[in-house]
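1. The sequence and its predicted three-dimensional model are supplied below.
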Amino acid sequence: SSSSSSNLSTKRESFTVWMKSLIMQGKGCTVFNEDGEVVYRMDNYDTRRSRKVYLMDLQGRVLFTIIKRKLRFFGRWEGYKSEKYSASGSHNKRTWFRVRKDCSILKKSLHCDVTTFCGKTQRSCYSIEGFTDKLEFNIKNSIGSVLAEVRRKQTTSGVCLGEDVLALVIEPQVDHSLIVALVAVYGSICHRM
């Protein structure tokens, strides 16, 4: 994918995801790097379970706008990548990914297909696999290799932190901003945002 090199790393990286917003009136989450610095934040500036969530970098620039589309039985979320302002001053957005939740009422497992877009070309290249009752899941590529893993965070002595504190591990050469956007979608699916 055509991604900024600042969102890629040559090594495996760990992040802490706190499913709380940094602003009083919003609902969202905050992502910290291994040094404890805020690297991403997500807010909807509205209410819990809003249809629209914004993924921003540390400087407050919107990287993705994620919108939940209502369908009868299947959920679908679309991520719009924010691009630089045009000469006219308007902010351009283009569809970057689409997540479709598989409908399964009786299963405890949850599966989503992720389609990414590069220009007018679309390709299904990721899947999200987890459970309906907790925020623990894997993001895999088209051949089934795990690109990112989200689990409940534990201290070095093995004590589990609250259900709203997660450990996110991202493999090398994977777009961090896309993975964090998919974490936001999963949080929305599980009604945590």
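-> Received, thanks.
2. And for stretch 62-73, what's in contact with it?
-> 40, 51-57, 75-82, 93, 96, 103, 177, 181, 184-185, 188 (CB atoms under 8 Å, 6 or more residues apart in numbering). C-beta: built from backbone N, CA, C; applies to glycine.
3. Run through the helices of this structure in chain order.
-> 176-189 (DSSP state H).
4. mind showing which ranges of the chain have poor pLDDT?
-> Along the chain, segments meeting pLDDT under 70 span 1-6, 21-26, 45-50, 71-74, 83-93, 103-106, 119-122, 124, 192-193.
5. what about residue 138, neighbour count?
-> 17 (other CB atoms under 10 Å).
6. for it, what are its contacts?
-> Contact partners of residue 138, counting by CB under 8 Å, 6+ apart, are 128-130, 146, 148-150.
7. try 6 Å this time
-> Shown in contact with residue 138 (CB atoms under 6 Å, 6 or more residues apart in numbering): 129, 146, 149.
8. The closest residue to residue 55 other than its chain neighbours and residue 58, how far apart?
-> With sequence-adjacent residues excluded and distances taken as CB to CB, 6 or more residues apart in numbering, residue 55 is closest to residue 64, at 4.2 Å. Per CB to CB, to the nearest Å, residue 64 is found 15 Å from residue 58.
9. Tell me which of those two has more neighbours.
-> Higher neighbour count among residue 64 and residue 58: residue 64, with 26 against 12, using other CB under 10 Å.
10. partner residues bridging the more buried one?
-> residue 55, residue 81 (DSSP bridges).
11. and residue 59, how far is that from residue 40?
-> 11 Å.
12. who has more neighbours, those two?
-> Comparing residue 59 with residue 40 by other CB under 10 Å, the one with more neighbours is residue 40, at 25 against 5.
13. Next up, the contacts around the more buried one.
-> By CB under 6 Å, 6+ apart, the contact set of residue 40 is 31, 180.
14. repeat for residue 11
-> For residue 11, the contacting residues are residue 172, by CB under 6 Å, 6+ apart.
15. Give me the distance between it and residue 170.
-> Computed as CB to CB, the residue 11 to residue 170 distance reads 10 Å.
16. what do you get for residue 146?
-> From residue 146 to residue 170 the distance is 10 Å (CB to CB).
17. what does residue 76 give?
-> As defined by CB to CB, residue 76 lies at a distance of 24 Å from residue 170.
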